[in-house]
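Enquirer: Structure for this input, please:
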Amino acid sequence: MSGTVPTTPAATTRTARLRKLQGLGVLCGLAAGAWLGAAEAPTKLVTAGISPTVISLMMVSGVFLARWSVPALIRGTSSIADDIRQAPHLVVWAVLAGCLWSVANTLTIFAIRDIGLSIAFPLWNSNSLLGILWGILFFNELHRAGWRRWLGVVGGAAVMFAGAALLASASQTQAPAGHSFRGLIAALGAGVLWGTMYIPYRKAYLTGINPLTFVAFFTIGELGMMTGLAVAYSGGAAELARALAGSRAVLWLLMAGGFIWVIGDLFQQYAAKYVGISRGIPLSNSNQLWGMLWGILVFGELKGQSASVYSQVVGGSLLMAAGVAAISLASASPAEHDRWRAAAERESRRYHVRAEFTEAALEGRNTDESSRKHTWLDWLLVVSATGVFVAAMAFGHLPHLGLAWGWAAALVLAMLAFLVATGAALWRTTRFN
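Expert: Numbering: from 1, shown residues only. Alright, predicted model coming up:
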């Protein structure tokens with residue numbers, strides 16, 4: 001007798017479903033990297049003399065509009081209300097996560113101003129290492145995963161960080177002169193806050209709330225915290241209003257950056273849901289590669305540099321790609337999934353959430369109570385958000401940045417390809433659950 005437990009048809013079906021969700025989570029992480037990397041491009045406007053708080057506030061305003069209109073369009077506010085009735089405590093966690101995001105995002109603007117986008121990017125992307133730690137400590141991620149999967153995830157994240165550091169080294173000549181230490185602290189502080197922000201993410205998705213619901217309430221904390229920071233830093237509401245009026249020609253572009261960021265973040269949320277924060281966050285941090293492509297190809301950040309600098313860029317890029325590949329291949333085993341399920345059961349018991357609701361969410365299925373009916377409120381949110389963007393564009397124009405438009409078009413097409421492929425996969429597999 002070997003003692004081997006026979007595999008039942010139900011267990012085989014469940015394993016196949018989990019494997020499909022793993023692949024979906026990896027695809028979402030890669031798509032998130034493409035869109036999050038592009039969202040940082042508008043922060044180049046900081047070099048045009050625009051206040052960092054104005055940039056951050058307007059990006060968050062675009063985020064706010066997108067975080068309510070996109071979920072309303074995809075699922076409807078009735079589905080959001082259904083989720084909140086099942087797990088009302090997660091509203092608090094979502095608002096808290098939004099507050100952390102706003103402070104971190106503001107710190108990144110200061111970091112870009114003081115040490116440049118190319119250097120700041122890898123420093124704040126250290127959040128992936130912190131995300132792995134929280135996933136292991138609090139949510140049973142990588143428990144019973146086996147040493148190969150541990151090596152794939154932790155080693156892959158370390159290799160990505162090494163590649164990012166090499167890219168930063170190659171980009172040092174682009175850093176603005178001045179407050180380099182202040183910029184360093186700002187970038188690292190943003191990484192710590194973003195890394196901590198992933199704790200509410202994972203609590204939400206283990207409990208069963210839909211990512212589209214979570215981000216809608218997430219943005220209340222974002223906008224509230226960011227407005228308070230902007231008023232305080234500007235010296236009062238009147239001064240902030242004057243700063244906004246002086247920058248009105250480019251406010252639409254900053255809001256568009258916030259909208260782009262939301263698309264990337266939605267994919268990141270689904271990655272965190274289906275492959276965990278220890279895998280999903282490092283995968284989405286491939287935005288470093290996309291940010292580098294935008295910086296070098298579109299904005300010409302390394303123009304005229306030596307061959308050694310370009311060799312560092314190529315080497316750093318290859319290291320990051322190798323890290324992404326290692327993490328992508330380190331899929332969670334059934335034994336690790338059982339540990340995830342135990343963490344989910346713990347969360348549902350702690351907050352008195354129905355077990356059926358949590359179980360369905362873990363497998364990307366809809367619950368019987370969930371509603372997908374669109375109401376007048378959904379269309380009002382979509383039309384209002386669109387109207388605000390159109391009005392902002394009517395009063396603005398595209399600044400003279402000397403962009404390489406051919407490369408910009410190529411990168412936009414690549415982003416759209418990720419959007420279509422990943423959106424279709426999410427719909428086929430989970431109906432955006």
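Enquirer: Need phi/psi at Ser331.
Expert: phi -70, psi 150 (degrees, to the nearest 10).
Enquirer: Hmm, Lys20 and it touching each other?
Expert: No: under the criterion of C-beta atoms under 8 Å, Ser331 is not in contact with Lys20, lying 10.8 Å apart. All C-beta spots, glycine's among them, are computed from the backbone N, C-alpha and C.
Enquirer: With neighbour numbers in mind, choose between the two.
Expert: Ser331 (20 against 16; other C-beta atoms under 10 Å).
Enquirer: For stretch 350-361, measure first residue to last.
Expert: Stretch 350-361 has an end-to-end distance of 17 Å (C-alpha to C-alpha, to the nearest Å).
Enquirer: er, stretch 342-356 I mean
Expert: 14 Å.
Enquirer: what's next to it, contact-wise?
Expert: The contact list for stretch 342-356 (C-beta atoms under 8 Å, 6 or more residues apart in numbering) reads 86-87, 89, 138-140, 203, 206-208, 357-358, 362, 367.
Enquirer: List the buried residues of stretch 307-324.
Expert: 309, 312-313, 315-317, 319-320, 322-324 (16 or more other C-beta atoms under 10 Å).
Enquirer: So which of those residues are in helices?
Expert: Counting by DSSP state H, the buried residues of stretch 307-324 place 309, 312-313, 315-317, 319-320, 322-324 in helices.
Enquirer: Name the nearest of these relative to Gln288.
Expert: Checking those against Gln288 with C-beta to C-beta, the nearest one is Met320 at 6.2 Å.
Enquirer: Not counting its neighbours along the chain, what's nearest the closest one?
Expert: Spatial nearest neighbour of Met320, excluding adjacent residues (C-beta to C-beta, 6 or more residues apart in numbering): Gly163 at 3.6 Å.
Enquirer: Which element, helix or strand, includes that neighbour?
Expert: Taking DSSP states H and E as the definition, Gly163 sits inside helix 156-170.
Enquirer: again with Leu229
Expert: Taking DSSP H and E as the criterion, Leu229 maps to helix 211-234.
Enquirer: I'd like the distance between Ser308 and Gly316.
Expert: Separation of Ser308 from Gly316 (C-beta to C-beta, to the nearest Å): 13 Å.
Enquirer: ok so, going back, check contacts around the residue nearest to Met320.
Expert: Going by C-beta under 8 Å, 6+ apart, the list of residues near Gly163 reads 288, 315-323.
Enquirer: And it, how far from Thr429?
Expert: Counting by C-beta to C-beta, the gap from Gly163 to Thr429 is 31 Å.
Enquirer: Val353 now?
Expert: As for Val353, its distance to Thr429 is 23 Å (criterion: C-beta to C-beta).
Enquirer: Looking at those two, which one has more neighbours?
Expert: When Val353 and Thr429 are compared on other C-beta under 10 Å, the one with more neighbours turns out to be Val353, at 22 against 17.
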